[in-house]
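> sequence first, predicted model second:
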Amino acid sequence: MKAFFVLALIVLARAAVYFEEDFTSGNFDRWVVSTFKGAEAGKFGLSHGKFFGDEKKDVGLKTLEDARFYQISSAFPSFSNKGKSLVLQFSVKHEQNIDCGGGYVKLLPSGLDQKSFNGDSVYNIMFGPDICGGNKRTHAIVTYKGKNHLIRDNVETRSDELSHLYTLIINPDQTFKILIDNEAVREGTFDSWDFLPPKEINDPAISKPEDWVDERQIDDPEDVKPEGYDDIPQTIPDPDAEQPEDWDTELDGEWEAPIIDNPEYRGPWRPKRIDNPAYKGEWVHPQIPNPEYYTDDNIYAFDSHAFIGIEIWQVKAGTIFDNFLVTDDVTLAHSRGVEALARFAVEKEQHEAAAEAERKAAEEAAAAAEEEEDDDDDDEKEEL
């Protein structure tokens, strides 16, 4: 038992919180707003929004101006995640019912000029929701050898007006997990990104044989176009139409029946299709080992994480960012998430209660308007 507690203390001692921000200080002095975009840059403020679980703890960094770029960052002592898990966690509330804009954050290496932070600034990881019209996804971009690699398959996101917690976990064995509200929505290995060349490639020495037949069906050579098929007109005079009794040939001209679609017309003739007796199937290019393929067990590791930043464009502002955490402690991130989600539950209850009250008020207003209209009708009848 003693050995267990010693081991637990060692684990706790090794766990590190590199950055944490919940804005309970009542300011965002730790953050530097970029001036790169000049007049196109949007302003930030602090707000807990219309609905919240805790008046102080739910205060976050809010975007304030529509159709603006938002570029802000905060520094922390540089660290390497080599040999350790990396956890990036934060919450996003699109209280404005966002139509087009980002809600993601970036981890950046040392060397950033915070006053000039912009979309071209080198970053290590970009993670979080991005919504524009019908395109809704959670970005998970990892930089490798100077190139930003987006996870291949789209990761779901949340697009309502409530707070949601986003968590990215990257482990030293190059497995990962993406969680929303402490529930995994995607997990796997680094094979989910195209970091490395493919293990196999098409054999360049082999081409599809010229006589290879991969057409499944062909025109039936025995099918012959019926005689007179092309003589059938597409339209004809309506055989059921009759000249009106009051038709005056001298005034109206020679009467002609209206034109209608010919029910016997069958369109351009095409021979029937039959299975191709020479069909050999879909040709599959033989694969060979890729001579450029290599393995790398250190894709996950960055020598320096030193800044966290928001670098986004929003058509409609009003997003609130909060509960930032950068750590190597997965358990701590989970417990912080549990705390936040308890407050989010209260926020959701308030939101639903307000929506229900608004619905009832609209119903009452509609009923009152209908009653007033009925009274007006009765008054008109009495006057008559």
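Noted; the coordinates are in hand. Numbers count the residues shown, from 1 in each chain.
> quick one, helices of the stretch 251-384 of the chain?
Secondary structure of the stretch 251-384 of the chain (DSSP state H, counting those that start in this stretch): helices at 330-383.
> how about low-confidence regions in it?
Scanning the stretch 251-384 of the chain for pLDDT under 70 picks out 374-384.
> distance of D248 from G337?
For D248, the distance to G337 equals 87 Å [C-beta to C-beta, to the nearest Å]. C-betas here are computed from N, CA, C, even on glycine.
> swap that for N171, please
As defined by C-beta to C-beta, N171 lies at a distance of 18 Å from G337.
> neighbour count for D248 and G337, which is higher?
Neighbours per residue, other C-beta atoms under 10 Å: of D248 and G337, the larger number sits with G337, 22 against 9.
> just checking, the more buried one touches N182?
Yes - using C-beta atoms under 8 Å, G337 is in contact with N182, at 4.3 Å.
> overlap in contacts, those two.
Taking C-beta atoms under 8 Å, 6 or more residues apart in numbering as the contact rule, the neighbours common to G337 and N182 are L165, T167.
> burial of E95, as a residue count?
Neighbours around E95, by other C-beta under 10 Å: 22.
> residue contacts, it?
By C-beta under 8 Å, 6+ apart, the contact set of E95 is G49, K50, E161, G318, T319, I320.
> try it again at 7 Å.
Shown in contact with E95 (C-beta atoms under 7 Å, 6 or more residues apart in numbering): G49, K50, E161, G318, I320.
> buried among those? Need that as a selection in ChimeraX.
In ChimeraX, this line selects whichever of these come out buried by 16 or more other C-beta atoms under 10 Å:
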select :49,161,318,320
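> so which of the contacts of E95 sit within strands?
Counted as lying in strands by DSSP state E, out of the contacts of E95, are I320.
> in JSON lines: the contacts of E95, plus distance to E65.
Listed next are those as JSON lines, based on distance: C-beta to C-beta, whole Å:
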{"residue": "G49", "distance to E65": "17"}
{"residue": "K50", "distance to E65": "18"}
{"residue": "E161", "distance to E65": "19"}
{"residue": "G318", "distance to E65": "10"}
{"residue": "I320", "distance to E65": "14"}
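> out of the contacts of E95, which comes closest to Q350?
K50 (8.1 Å; C-beta to C-beta).
> and for the closest one, nearest residue in space, chain neighbours not counted?
Counting by C-beta to C-beta, 6 or more residues apart in numbering, E95 is the residue found nearest to K50 once chain neighbours are left out, at 6.5 Å.
> swap in D58?
With C-beta to C-beta, 6+ apart as the criterion, D58 has its nearest non-adjacent residue at 3.9 Å, and that residue is F52.
> ramachandran angles for that neighbour?
Here is the backbone geometry of F52 (degrees, to the nearest 10): phi -160, psi 160.
> next one, pLDDT for it please.
For F52, the model assigns a pLDDT of 95.
> ok, it to S91 distance?
F52 is 12 Å from S91, by C-beta to C-beta.
> excluding its backbone neighbours, what's nearest P226?
Closest residue in space to P226, ignoring its immediate chain neighbours: W269 at 7.8 Å, by C-beta to C-beta, 6+ apart.
> please apply the same query to R30.
Sequence neighbours aside, S74 is the residue nearest to R30 in space, at 4.9 Å (criterion: C-beta to C-beta, 6+ apart).
> residues touching P286, list them.
Residues near P286 by C-beta under 7 Å, 6+ apart: D203, I206.
> could you redo the last one with a cut-off of 10 Å?
Counting by C-beta atoms under 10 Å, 6 or more residues apart in numbering, P286 touches E200, N202, D203, A205, I206.
> spatially, which two of those are the most separated?
Most distant of these, by C-beta to C-beta, are E200 and A205, 14.2 Å apart.
> show me which of the two is the more surrounded one.
Set side by side, E200 and A205 show unequal neighbour counts under other C-beta under 10 Å, the larger going to E200 at 12 against 7.
> surely that one and E292 touch.
No - under the criterion of C-beta atoms under 10 Å, E200 is not in contact with E292, lying 11.2 Å apart.
> could you measure from V87 over to M126?
16 Å.
> of those two, which one has the most company?
V87 (26 against 23).
> surely the more buried one is within a helix?
No - if the criterion is DSSP: H, G, I helix; E, B strand; the rest coil, then V87 is strand and not within a helix.
> all set now, cheers.
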